[in-house]
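1. following is a predicted model, sequence given first.
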Amino acid sequence: MPVVKYNPLRADFEDFPSLRVFQDTVSRLFSEPASRPWTPSVDIFETENDLVLKADLPDIDPKAIEIQIENDTLTLKGERKFEQQKNGKGYHRLERSYGSFVRAFSLPETVDPENVKADYKAGVLTITLAKKELAKPRSIKIDVSND
């Protein structure tokens, strides 16, 4: 006896072909790349001298990325554009998201907004924010007196 996969809607599709068309249309609507919001993943860590932000921005032209610092807030903006295939072949699955994104991060007072570096390599944007001199750890030597 052959194994048959159970599908409770199978009979409905055979009886009502318009139901299948409706389901395909709704599925396509929710899977279109432009309809899904996109937010890149970001890691933030601190070193002795810097605050470092790393954002995953694969397949984005670095010229399409905008970084702003205003009122102790770092704003990261950009867009990953969806390019239609021109040979007429369609996609079987679209899981990557496309479109514009905006991320905003509150900066601590210890960061020097005038000393910021950005580097884009292998799809990862690294923003390095230097700490102010007052915020950097310093060693204080203790004089020991023999009384």
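-> Sure thing, it's come through.
2. quote the end-to-end distance of stretch 120-140.
-> Its start and end residues considered, stretch 120-140 measures 38 Å (CA to CA, to the nearest Å).
3. the spatially most central residue of the chain and Leu57, how far apart?
-> When the chain is reduced to its mean C-alpha position, the nearest residue by CA atoms, centre = their mean turns out to be Pro40, at 0.4 Å. Relative to Leu57, Pro40 is positioned 5 Å away (CB to CB, to the nearest Å). Backbone N, C-alpha and C define where each C-beta goes, glycine included.
4. mutual contacts of these two, please.
-> The contact sets of Pro40 and Leu57 overlap at Gly78 (CB atoms under 8 Å, 6 or more residues apart in numbering).
5. and the strands in this structure, which stretches?
-> 42-46, 50-56, 66-70, 73-80, 99-106, 111-121, 124-131 (DSSP state E).
6. export those strands as JSON lines, with columns for distance to Arg93.
-> Below are the strands of the chain laid out as JSON lines (distance: least, CB to CB, whole Å):
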{"stretch": "strand 42-46", "distance to Arg93": "26"}
{"stretch": "strand 50-56", "distance to Arg93": "20"}
{"stretch": "strand 66-70", "distance to Arg93": "31"}
{"stretch": "strand 73-80", "distance to Arg93": "17"}
{"stretch": "strand 99-106", "distance to Arg93": "18"}
{"stretch": "strand 111-121", "distance to Arg93": "28"}
{"stretch": "strand 124-131", "distance to Arg93": "25"}
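7. which one, of those, ends up nearest to Val144?
-> Closest to Val144 of the strands of the chain, according to CB to CB: strand 124-131, at 30.8 Å.
8. which parts of the closest one are buried?
-> Neighbour-count burial for strand 124-131 flags Leu125, Ile127, Thr128, Leu129, Ala130, Lys131 (criterion: 16 or more other CB atoms under 10 Å).
9. and for stretch 72-80?
-> Using 16+ other CB under 10 Å as the test for burial, stretch 72-80 gives Leu74, Leu76, Gly78, Glu79, Arg80.
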